[in-house]
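Structure for this input, please:
(one chain, ligands or ions: 3)
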Amino acid sequence: MGTAVDAANKETNGSLLDEKKVTVVFVLGGPGSGKGTQCANIVQHFGFTHLSAGDLLRAEIKSGSENGTMIQNMINEGKIVPSEVTIKLLQRAMRESGNNKFLIDGFPRNEENRAAFEAVTKIEPEFVLFFDCSEEEMERRLLSRNQGREDDNIETIRKRFKVFLESSLPVVEYYNVKGKVRKIDAAKPIEEVFEAVKAIFTSKDEKGKTKHSRVHWCGIL
Ligand SMILES: Nc1ncnc2c1ncn2[C@@H]1O[C@H](COP(=O)(O)OP(=O)(O)OP(=O)(O)O)[C@@H](O)[C@H]1O
Ligand SMILES: Nc1ccn([C@@H]2O[C@H](COP(=O)(O)O)[C@@H](O)[C@H]2O)c(=O)n1
Ligand SMILES: [Mg+2]
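Ligands and ions are numbered 1, 2, ... in the order given. The predicted structure is shown next:
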């Protein structure tokens, strides 16, 4: 008899993910570092499906879900929503996409996210794209983003930065130790950042799976 994790894994992978090799790239970086902007470019050039955990959570609020109020409160405080909720949304989006190549943006955001995703899906990321940018630049970008996000106010932005430093950077370091982090200087103009991103997605090393060494950090610190 299977465990609850086996059952959840079966649900995640369903027919699509059982049959095909699934490629996952985690896209991490501080709030406003440009993850969503660059993911849109990667989708155009490399045929990935972009799944932003934050976008999925915001859509869940809009859908009138029973978790909506809890998610809204967490986002307004810059806190991390329990993994179970976010992973279910990611699982569903992966299944429904019909694709087998995913950019998972803004996830895993803490150790709980990371361990739960691995336990449930058994998926290891090919690599982690890490957008490195100073807090000053990220703050400037968020305050002029103008997309109507309730968490783009200075009070919540400061809370999001704190959570990023305390909970998300340790996850990046976890993958760094495994040689999986590809760090990008995200403070440059959008086009230049994308040139660096393209170089990673087209590199022979990536295709041939040459082992990468650890990167040395880090503009944010
Ligand atoms: N390299 C860049 N230079 C200047 N502005 C940028 C750059 N990349 C993104 N931006 C702008 O900064 C803002 C934040 O970018 P984006 O939404 O892609 O960040 P994000 O990392 O997804 O943020 P969040 O974590 O809050 O979702 C947007 O207004 C975007 O147009
Ligand atoms: N794994 C995640 C990702 C996001 N959140 C919550 O959503 C907020 C916005 O995320 P963005 O990536 O769109 O900036 C974030 O501050 C968290 O409150 C989450 O809980 N778990
Ligand atoms: Mg984003």
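
roughly how far apart are residue 131 and residue 102?
As judged by Cβ to Cβ, to the nearest Å, residue 131 and residue 102 stand 17 Å apart. For the C-beta atoms, the positions are set from N, CA and C on the backbone; glycine is no exception.

neighbour count winner among the two?
Counted by other Cβ atoms under 10 Å, residue 131 and residue 102 do not tie: residue 131 has more neighbours, with 25 against 22.

what pairs with that one across the strands?
residue 29, residue 184 (DSSP bridges).

my guess is it meets residue 34, correct?
Yes: contact criterion Cβ atoms under 8 Å: residue 131 and residue 34 qualify, at 5.6 Å.

what is in contact with those two at once?
186, 193 (Cβ atoms under 8 Å, 6 or more residues apart in numbering).

any idea where the helices of this structure begin and end?
4-19, 35-46, 53-62, 68-76, 83-97, 111-121, 135-143, 154-163, 169-177, 190-201, 204-208 (DSSP state H).

Just put these in CSV and tack on distance to residue 29 and mean neighbour count.
Shown next, in CSV, are the helices of the chain (distance: least, Cβ to Cβ, whole Å; neighbours: other Cβ atoms under 10 Å):
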stretch, distance to residue 29, mean neighbour count
helix 4-19, 25, 14
helix 35-46, 5, 17
helix 53-62, 12, 17
helix 68-76, 18, 15
helix 83-97, 17, 18
helix 111-121, 15, 18
helix 135-143, 9, 17
helix 154-163, 12, 15
helix 169-177, 9, 17
helix 190-201, 10, 15
helix 204-208, 19, 10
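
Turn those helices into CSV, including distance to ligand 1.
Formatted as CSV, the helices of the chain follow (distance: least, Cβ to the nearest ligand atom, whole Å):
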stretch, distance to ligand 1
helix 4-19, 24
helix 35-46, 3
helix 53-62, 5
helix 68-76, 11
helix 83-97, 14
helix 111-121, 14
helix 135-143, 3
helix 154-163, 7
helix 169-177, 14
helix 190-201, 4
helix 204-208, 22
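
lowest-confidence stretch among those?
Of all the helices of the chain, mean pLDDT reaches its minimum on helix 4-19 (a mean of 46).

if we can go back for a sec, how about the helices of the chain, which one is nearest residue 184?
Across the helices of the chain, residue 184 has its closest neighbour in helix 190-201 (4.9 Å, Cβ to Cβ).

Just the angle for the closest one relative to helix 35-46, thanks.
Orientation note: helix 190-201 sits at an angle of 60 degrees relative to helix 35-46 (axes from the mean of the first three to the mean of the last three Cα atoms, to 10 degrees).
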